[in-house]
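Enquirer: Have a look; sequence and predicted model below, questions after that.
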Amino acid sequence: MDRKLRNRALLLLGLAAIIAFVLVRQSGRQPVAKIAATRPVRKDVVAFVSSNGKVEPISPYTVSARLDTFVQKVYAAEGQNVKKGQLLLELDVKDAAAQLAEAHSKLLRAQDDLRAAKEGGRTDEAARVAGDLAKAQAERDRLRREHESLVRLLAQGATTKDELAANDLALAKANADVEKLAAAKAEFTRQVGLDASRAQLAVQQAQSDIAALDEKVRQGRICAPVDGTLYSLPVKTGQYVKVGELLAEMADLHKVRVRAFIDEPEMGDLEPGLPVRITWDALPSRSWQGRTEIIPKQVVGRGSRSVGELLCSVDNNNLELLPNINVDVKITLNQRTNVVTVPRGAVDTEGVKRYVFVVRNGVSKETLEKREIQVGIADATSFEVLSGLQVNEVVALPGDVELRNGMVVKVMNIDTSNVKEGTDEAL
């Protein structure tokens, strides 16, 4: 009985040792990491920068009020296509027109005065002054001859000293009259010269006033300076406007400019001539094509962003893009056709080096190989692979466990979402 119990005990101890050995072996094994993976595929890669922007006319024309007045009548409508010289609106210039008529009257009077002054004065006035002087000179000459005759007669005893004295008195008065009238004629001549100068100045002043008032009257008719679209007309009939106030804005909108606001980190790859695609939320089914033109030379603050202002020229043949609207801008920096790509999430970085974890198949297990790769351009989801990876290899994707070189893994599924739609390149 004791022997049977001893044998049974030894058998149980042996079984326990075997179980313990198995448990020890099992506990010493590392767990196999379960991962997702993907395969490199060939597809087109387009590197781009996306941002927002604002539409601007390339050569805008603005018309401002040149006088304080009322808007008399508006003939055009905002958004209308107009021709050069077409009447857009009229301002009230009645006061300026009345002043212009008065200025024309002043000019005629000044021109008449100038003409008279250049001809020696008014005809009647000049004739009167000359006639008075000539009459006085004739009287003086007569009295001189009479004086000489009386002197001879007195010597002969044929006249008296009283008659000679009376003649001398009359002659003295005649000489005084001649001197007075000669001085009057000289003053008249001098005054005519002054009148000519004053008349010349009056003519010039009247002409200047007419030019200014004529400009004011013309400014009452606001016409289109060029062919284009009247994209802003902020005034209405009867509205009072002041000098400098905006009346109209217009431009040729067949080609517009988009000012794109590019974040500072994305400015390095910009250059002139890159393709640009413009979209506008108001017309979600439409897009417009253009090119980059002027690259930012400085960074400015825009809200919480530091941006460079990139200017792009955009075709707007249907005149759908309007000045000052906000648009979305997509700038194509580079593109590659049918190149090997790998998802961005599968690529890690060490300094300037890029690497992936390639799944290697062993005899009874799968392990990871950390491998450096060379990448080219990138889009939002993928890197172009220049070297270090083939399309038939399997690349680990990051997950809950940290990937390491030589790590034993089990691939649970291979992601094919990076394969181009309509192809069978899930290699």
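Expert: Cool, the structure landed.

Enquirer: Is residue 306 bridged to anything, and to what?
Expert: Beta-bridge partners for residue 306, by DSSP bridges, are residue 301.

Enquirer: got a list of what it touches?
Expert: 263-264, 299-300 (Cβ atoms under 8 Å, 6 or more residues apart in numbering). Every residue, glycine included, has its C-beta placed from N, CA and C.

Enquirer: Narrow those to those in strands?
Expert: Among the contacts of residue 306, the residues falling in strands (DSSP state E) are 263, 300.

Enquirer: SS state for residue 101?
Expert: Following DSSP: H, G, I helix; E, B strand; the rest coil, residue 101 is assigned to helix.

Enquirer: Tell me, how many residues neighbour it?
Expert: 10 (other Cβ atoms under 10 Å).

Enquirer: closest to residue 12 among the contacts of residue 306?
Expert: Among the contacts of residue 306, residue 263 lies closest to residue 12 (Cβ to Cβ), at 75.1 Å.

Enquirer: ok so, going back, quick one, which of the contacts of residue 306 are buried?
Expert: Among those, not one is classed as buried by 16 or more other Cβ atoms under 10 Å.

Enquirer: could you dump the contacts of residue 306 to TSV with pLDDT and distance to residue 11?
Expert: TSV is the format used below for the contacts of residue 306 (pLDDT from 0 to 100; distance: Cβ to Cβ, whole Å):
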residue	pLDDT	distance to residue 11
263	92	78
264	91	79
299	92	85
300	89	88
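
Enquirer: Confirm residue 13 sits in a strand?
Expert: No - assignment of residue 13 by three-state DSSP gives helix, placing it outside any strand.

Enquirer: related to what we said a few turns ago, quick check, nearest of the contacts of residue 306 to residue 221?
Expert: Checking the contacts of residue 306 one by one against residue 221 (Cβ to Cβ), the nearest turns out to be residue 300, at 40.9 Å.

Enquirer: Just the strands from the stretch 151-300 of the chain, written as ranges.
Expert: With strands called from DSSP state E, counting those that start in this stretch, the stretch 151-300 of the chain shows them at 221-223, 228-232, 240-241, 246-251, 255-263, 275-280, 283-294, 300-302.

Enquirer: which of the residues in the fifth one are buried?
Expert: Going by neighbour count (16+ other Cβ under 10 Å), the buried part of strand 255-263 is 255-262.

Enquirer: Next up, the contacts around residue 374.
Expert: 354, 385-388.

Enquirer: Check residue 312 too.
Expert: 53, 257-260, 276, 278, 290-293, 329, 331.

Enquirer: mind redoing it with 10 Å?
Expert: 53, 256-260, 272, 274-276, 278, 290-294, 329, 331 (Cβ atoms under 10 Å, 6 or more residues apart in numbering).

Enquirer: And residue 166, by the same measure?
Expert: 150, 160.

Enquirer: now it: how far from residue 204?
Expert: As for residue 166, its distance to residue 204 is 57 Å (criterion: Cβ to Cβ, to the nearest Å).

Enquirer: And residue 247, by the same measure?
Expert: As defined by Cβ to Cβ, residue 247 lies at a distance of 32 Å from residue 204.

Enquirer: got it, and residue 108?
Expert: Distance from residue 108 to residue 204, by Cβ to Cβ: 14 Å.

Enquirer: so which of the strands of the stretch 151-300 of the chain gets nearest residue 381?
Expert: Across these, closest to residue 381 is strand 275-280 (Cβ to Cβ), at 18.4 Å.

Enquirer: what is the closest residue to residue 415 other than its chain neighbours paired to in the beta sheet?
Expert: Using Cβ to Cβ, 6 or more residues apart in numbering and skipping the chain neighbours, the partner closest in space to residue 415 is residue 38 (4.3 Å). Beta bridges link residue 38 to residue 395, residue 415 when assigned by DSSP bridges.

Enquirer: Residue 247 and residue 204 - which one has more neighbours?
Expert: Remark: of residue 247 and residue 204, residue 247 carries more neighbours, 21 against 12, as counted by other Cβ under 10 Å.

Enquirer: Can you give me every residue that contacts the more buried one?
Expert: By Cβ under 10 Å, 6+ apart, the contact list for residue 247 reads 62-66, 71, 74, 88-89, 91, 222, 232-235, 239, 241.

Enquirer: Name the residues of stretch 309-322 that are buried.
Expert: Under 16+ other Cβ under 10 Å, the buried positions of stretch 309-322 are 309-314, 316, 321-322.

Enquirer: returning to what we had before: present the buried residues of strand 255-263 as TSV; the columns should include distance to residue 407.
Expert: Putting the buried residues of strand 255-263 into TSV (distance: Cβ to Cβ, whole Å) gives the following:
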residue	distance to residue 407
255	58
256	56
257	55
258	50
259	51
260	45
261	45
262	41
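
Enquirer: want to throw these into a markdown table with distance to residue 172 and pLDDT?
Expert: What follows is the buried residues of strand 255-263, written out as a markdown table (distance: Cβ to Cβ, whole Å; pLDDT from 0 to 100):
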| residue | distance to residue 172 | pLDDT |
| --- | --- | --- |
| 255 | 96 | 91 |
| 256 | 97 | 94 |
| 257 | 95 | 95 |
| 258 | 100 | 96 |
| 259 | 97 | 96 |
| 260 | 103 | 95 |
| 261 | 102 | 96 |
| 262 | 105 | 94 |
